[in-house]
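Engineer: here is a sequence together with a model predicted from it:
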Amino acid sequence: MRGEQKKQIVQQIDVALLRAIESARDANKLFELAEHYGKFHWLNTTERWACPEVENHIFRLIEPRLPALRASQNRTMVSHVISEGYDVGGHTPLCINLMKEHKKRGTGVQFVITRGVTKKVLMEVQNTQIPILAHKSTGVAKLLFLTEVFLKSKSVVLYINPDDIIACLAAKIAEREGVQCHFVNHADLHFSYGPSQCSTVLEITWASWLTTQKYRSPKGQSFLGIPSGDFSPTEIKDAASANNLPPYFISVGGPHKYQLDQTDVFLKFVEFLCGKMQQKLLLVGPSNQQAFSKLSTTAKSNLELCGIVDRDKTLILMAGAKAYLDSFPEGGGTSVTNAMKLGMPIFGAKSKVGMFGDEYASDSLEDLYCAIENFLLNGPDPEKIRTRATFIDEQLSLSACLDRLANTIDGNHEAIPYSFDTDKIDLTYYQRAWLEQDRLYIPPIIRNRPPIN
C-alpha cells in the first residue's frame, strides 16, 4: 500500500483515533488513546507534525479533577526529563551528557524518568550521584507525580518521546504556574507532543528550526545543536591504532535508518563499495544477515555486521576507519558530529537537514559513487576536515551546547551559529518518501478492524 491509498488509510485512522479521544471521558483511557495517536503519527512519519488540539482537549477534561497545584518557592533544581533511555542511539547520551555537564558546573540537577531506562543507563547516572526520580505509576497518578516534580523545579528540560502525552500535560501545568519548560526537539522531522506547550523549543538543525516555525506553533525557539561526545580524539585514536585492523569504512546507525526492508538504495551502495570497489565496510547497528543476502559474494566478504556495540568501543572503531559513512536514507545525529570531531572524512546520501557540515551528503547514489572514487584516488581534503573539527570544538562540543542550554534557561534565545542555504532543505522529504514505502504502523486498538467507513 503506497501513495494516495496509503494517505487515505492514514486519514481514516487519524479520524478514528480523534473520535475515540473526543468521546472518551475516563482519564486513563484518554491518556492511552492519546499515546496511540502520537505513536501512530511519529512512527509513520506522516504529514502531521503536532496536535496541540489533543493536548488542550485532554487537559480541559482532566483539569477539574486535579487537586490544587502550585509551584514551590525557592526552586533550585533543573529537571532533565527522559521518557525512555537506551544503550544505543544518540537520544539518551544527548540527555545524560548535558545533564552531567550541567552538574559539573555546580548547577543542581535531577534525572526524571517518565517510563523506564536500561540498567546500564541507570547505573551511569547513579555513579554521578545525580538524584533519580521515577514512579511506577500510570495515568493520572503519573501525571500528578510528574507535575509535583516539575512544580518543585527551577526549570524543566524535556527529552521526551514524541508520544509522551502525560509529560507534555505536566509541562503545560508547570508553565501555567510559572515554571519554564524547554523542549529538546530531538525527533526533529517527526510528530511530537509538547513543543507548543513549552516556553522554548530547543532545536538541533536548521530543518528542525524551520519545521517548528511552520508546523508546531512555538512560544519561542533557541538553538541547542547536536553535541559531540565528551572524549579526547587523541586518546581514542591511540586506542584505535592498537587494534591494528586492515583499512575499512564504517557506518553507525540503528537498523531503521538504513530502511533495508523498504528500499534497496543502501544495498546498492554496499554492492558498489564492497563489491565493485572491494572496500571493507563495518556496519555498527544492523545485524540481520538476511537483509544483505542478495549481495554478490565479493560484497558479502567485505561487509562485516557488528550489531550493537558499546559506545566507547564504537568510537574506537570509528577512529580506526579510513572514512565515515553516514547512514541513509535516514542519517545525521551524534555519530556525525563525533566523526567530525575525530577528523574523519564523511560521506552520505540523505536529504539535507541543515546540520553543520551537511555538504558531505550527496544528492544521489551516482554522486556518492563519484565522491567515494575521488576519495580513494586523491585522498581526503585536509582543510575541510580541520575546519569541521575546529567548528565542532568551538560550537558543538558538549560545553558549547550546554552554554546555549544554560543561556536559554536564563531567558535568552540562541541563534544558529552557522549559515546554511535553506533552499536546499526539503522539509517534507521524509514524509513523501514514507508514502512511497509499504511500511505502515497500525495501533493495536485499530489493527484487525476497519478504522471507519
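Structural biologist: Done, it's in.
Engineer: element containing the closest residue to Thr138 other than its chain neighbours?
Structural biologist: Leaving out its chain neighbours, the residue that sits closest to Thr138 by Cβ to Cβ, 6 or more residues apart in numbering is Asn28, at 6.8 Å. Just so you know, the C-beta spots here come from the backbone N, C-alpha and C atoms, and that holds for glycine as well. Element membership for Asn28 (DSSP states H and E) is helix 27-44.
Engineer: buried stuff in that helix?
Structural biologist: Applying a neighbour-count criterion of 16 or more other Cβ atoms under 10 Å, one finds 27, 30-44 buried in helix 27-44.
Engineer: nearest to Pro64 among these?
Structural biologist: Checking these against Pro64 with Cβ to Cβ, the nearest one is Ala27 at 10.8 Å.
Engineer: surely that closest one and Leu66 touch.
Structural biologist: No: assessed by Cβ atoms under 8 Å, Ala27 is found out of contact with Leu66, at 9.5 Å.
Engineer: one step back: quick one: contacts for the residue nearest to Thr138?
Structural biologist: 138-140 (Cβ atoms under 8 Å, 6 or more residues apart in numbering).
Engineer: from the residues you listed, which land in helices?
Structural biologist: Counting by DSSP state H, the contacts of Asn28 place 139-140 in helices.
Engineer: quick one, which of the contacts of Asn28 are buried?
Structural biologist: Among these, those classed as buried by neighbour count (16+ other Cβ under 10 Å) are 139-140.
Engineer: nearest to Cys51 among the contacts of Asn28?
Structural biologist: Set against Cys51, the nearest of the contacts of Asn28 by Cβ to Cβ is Gly139 (19.7 Å).
Engineer: in space, what's closest to that closest one - neighbours in sequence excluded?
Structural biologist: Asn28 (3.6 Å).
Engineer: same check, this time on Ala400
Structural biologist: Per Cβ to Cβ, 6+ apart, closest to Ala400 is Glu394, 6.6 Å.
Engineer: can you list contacts of the helix or strand harbouring that neighbour?
Structural biologist: Using DSSP H and E, Glu394 falls within helix 382-395. When contacts are defined by Cβ under 8 Å, 6+ apart, helix 382-395 is touched by residues 225, 228, 233, 337, 340-345, 356-357, 400, 417-418.
Engineer: rerun that using 7 Å as the cut-off
Structural biologist: For helix 382-395, the surrounding residues in contact (Cβ atoms under 7 Å, 6 or more residues apart in numbering) are 228, 337, 340-341, 343, 345, 356-357, 400, 417.
Engineer: mark which of those residues are buried, thanks.
Structural biologist: Neighbour-count burial (16+ other Cβ under 10 Å) is assigned, among those, to 228, 337, 340-341, 343, 345, 356-357, 400.
Engineer: can you redo the residues you listed as TSV with distance to Ile9 and pLDDT?
Structural biologist: Converted to TSV, these look like this (distance: Cβ to Cβ, whole Å; pLDDT from 0 to 100):
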residue	distance to Ile9	pLDDT
Ser228	41	95
Thr337	37	95
Met340	41	97
Lys341	43	97
Gly343	47	97
Pro345	43	97
Phe356	38	90
Gly357	38	85
Ala400	44	98
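Engineer: mind picking the two most distant members of those?
Structural biologist: Pro345 and Ala400 (23.3 Å).
Engineer: if I look at the residue nearest to Ala400, how far off is Ile409?
Structural biologist: Noted for Glu394: a distance of 21 Å to Ile409, by Cβ to Cβ, to the nearest Å.
Engineer: the two: who's more crowded?
Structural biologist: Ile409 (20 against 11; other Cβ atoms under 10 Å).
Engineer: skipping its backbone neighbours, what lies nearest that one in space?
Structural biologist: Using Cβ to Cβ, 6+ apart, the nearest residue to Ile409 is Ser155, at 5.0 Å.
Engineer: okay, that neighbour: pLDDT?
Structural biologist: We have a pLDDT of 98 for Ser155.
Engineer: that one in helix, strand or coil?
Structural biologist: strand (DSSP: H, G, I helix; E, B strand; the rest coil).
Engineer: ok, now which ones touch it?
Structural biologist: By Cβ under 7 Å, 6+ apart, the neighbours of Ser155 are 78, 179-180, 182, 409.
Engineer: list buried residues within those.
Structural biologist: 78, 179-180, 182, 409.
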